[in-house]
Structures are given as C-alpha cells and as structure tokens.
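Asker: Fold the following and give me the result.
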Amino acid sequence: MIEAHGLTKRYGPKLAVDDVTFTVQPGIVTGFLGPNGAGKSTTMRMIMGLDRPTAGTVTVNGRPYAQHRAPLAEVGALLEAKAAHPGRTARQHLQALAATHAIAPARVDEVIELTGLGSVARKRVGGFSLGMGQRLGVAVALLGDPRTLILDEPVNGLDPEGVLWVRNLAKYLASQGRTVFLSSHLMSEVALTADHVLVIGKGRILADMTVQDLLDGASARTVRVRSPQSGVLAEALRREGAEVTAGDDGALEVAGVDAARVGETAAAAGVVLHELTPTVSTLEEAYMELTADAVEYRSEDLAEEMAEDVAAATAEGGSR
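Answerer: Here you go, the predicted structure:
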C-alpha cells in the first residue's frame, strides 16, 4: 500500500506537487495519469525517496521507503528503464543488485526468463534497444519479489506483444494481492489494465476513482442510430426532447435519451432501424475533459498558431 498525506514539493518558486493526499490499495492495478509537467514523475520520485518532500509524508507498506531494511523486497520500481552501467551485461546488472539483498542467483535466472531477456542476458546494456531496456527495468523491479510495484511508463518502446505482456503481468501481480501503481500516456492501455485511476493536473489530484466511475462521469453519452427513414425518426426523437444531429455517413447522433428510448420511439413511429448503438466516452475523452484546464499546451493552441502563421505568410506574399 502507498499512502500520501499532504504531499508537497517546491522547486524554488515552482510548485510541482501541491498538497496531495491519496492511497494506492493492494490487490488492484492503479493507473496514474496527468499531462506533462503535472507532477507525476515528481510524486513517484518522492515515493521512492529520490526527492525530499517540501511538506507532507508518503509511505510504502507503512514506512518511508528509506526506512525499509530490504527495500527491493518491499518495492520494485521502474522509473528510468536504462539506469544501468552501459558496460555491464543485463545479467551482471541484475546479479550486482541481487548481491545487495542476498537474493539467490536462481532468482536472477527467474526474472531473466520472466521478462524475455534470455537471448540478450549476456549483452552489454549500452547496446540495448528501448524495448529491451524496458524489459530490463521490469526485471529489476521484480527481482526482490516485492509487495509493491511502481512502474513509470512500463510499455514505452515495447512492441504489441510486449505491451500485452506488461498488461497481463500487472493484472497477475495485482491478483496476488500486491500493490501495482503505474503511469502511462496510452489511455487505451490504462483502460484495459487499470481498475482505479489517479489523475493529477498542475500538481493537484483531479480524480481518485475507479476507471468505470471516471467514464460514467464524462459528459459525452450519445446513441448512434441508422434508418432508411432517418427524417421521420429525427422528428419523432426531437418531440421526445432529444438532440439529433446527422453524421456525414447518414447516421444520426442522438443525445438526451438512452438507446432504449430511441428504440421505443422508433417502434412507436413505425420506423425501421438498421443500427442502434449506445456510445460512451472513452477513457481518453474522459481524461481530456478532466484535464482541459491543466495542460501546459493544447493541440488547438498549435492549430491557432499555425493558422495565424499561414495568414501572416499569405498577407506578406500578397503585399509584394
């Protein structure tokens, strides 16, 4: 379990983490989401004792990380995948870490096999690809068979098979009653992997809830419906108070009523339906809605800037 109370971190005038309180429970996968600069990495570094909080406390399994006598057996962390001497082989790196905790050599072999490093275990880390570096980082995190896993962008650089492997591994470890705390920029992966999410923005916790609750709280809920009598159906739905818009492909997007009501309205009007699909927000849409005021630079800002540049260039060309 990870517990933070009033956790705060300042870097000079910049407030990176602002009085956050949360608990990461064992037995589930908790996703940690937030825009760049939101405070995710700083929070993870404070959990691991790499940054000292300006105020507040954070404990792992009841103690600050630095107070654990055998930290590798308590917490396994992947914060920087290739944090290894480039001249060492993967096996040598794991053996050196194992020696600090009297971990049996057999465990080194186990994590090498578990993480798919067998074919490169005797190669120097400096020549590893990003994906292999990630696998080595996960192997280090698992080395002490810890009760708590903290994984920062664990699927970064992995191929689809590797991404699936991390997903299944995280779920398996959580099913054993371990605490699994992972960050990712891939919303689709978090949606498939995590049970619970913490969302941080501008150093503050914006959401601390299950993935399903976050999706249910998002505003975009519509029904997609297709009919050869779309005009009749649209009028009937509007009389029921629904908002109806026509898509480019001829389908209707209906807001304000659920799919059952759309079907009942169509039946009452004698309208044939070819499609009736309820749609809800994806995790990415829910996340974007939640963090809209917490991002440093938006894609629409870039679009506006590009449009202004194009307009300026056009005006300049026309004045010549």
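Asker: Identify the residue nearest Val155 in space, chain neighbours excluded?
Answerer: Ranked by CB to CB, 6 or more residues apart in numbering and with sequence neighbours excluded, the top spatial neighbour of Val155 is Val163, at 4.7 Å. All C-beta spots, glycine's among them, are computed from the backbone N, C-alpha and C.
Asker: Next, the buried residues of the helix or strand where that neighbour lies.
Answerer: Assigned by DSSP states H and E, Val163 belongs to helix 160-175. Buried residues in helix 160-175, counted by 16 or more other CB atoms under 10 Å: 162-163, 165-167, 169-171, 173-174.
Asker: So for that helix, mean pLDDT?
Answerer: Averaged across helix 160-175, pLDDT comes to 92.
Asker: send the alpha carbons of that helix over as CSV?
Answerer: Provided in CSV are the C-alpha atoms of helix 160-175 (Å, rounded to 0.1, in the frame of the first residue of the first chain):
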residue,chain,number,x,y,z
PRO,A,160,2.4,-5.1,-29.3
GLU,A,161,3.4,-8.5,-27.8
GLY,A,162,5.5,-6.7,-25.1
VAL,A,163,2.6,-4.3,-24.3
LEU,A,164,0.2,-7.3,-23.9
TRP,A,165,2.8,-9.0,-21.6
VAL,A,166,3.1,-5.9,-19.3
ARG,A,167,-0.7,-5.7,-19.2
ASN,A,168,-1.1,-9.4,-18.2
LEU,A,169,1.8,-9.2,-15.7
ALA,A,170,0.3,-6.1,-13.9
LYS,A,171,-3.0,-7.8,-13.6
TYR,A,172,-1.4,-11.1,-12.4
LEU,A,173,0.6,-9.3,-9.7
ALA,A,174,-2.4,-7.4,-8.5
SER,A,175,-4.4,-10.7,-8.3
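Asker: Can you list the strands that the helix or strand just after that helix pairs with?
Answerer: The helix or strand immediately downstream of helix 160-175 is strand 179-183, counting by DSSP H and E. Sheet pairing for strand 179-183, assigned by DSSP bridges, gives strand 29-33 (parallel), strand 148-152 (parallel).
Asker: Output the ones you listed in JSON lines, with distance to Ala242 appended to each entry.
Answerer: Shown next, in JSON lines, are the strands paired with strand 179-183 (distance: least, CB to CB, whole Å):
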{"stretch": "strand 29-33", "distance to Ala242": "33"}
{"stretch": "strand 148-152", "distance to Ala242": "44"}
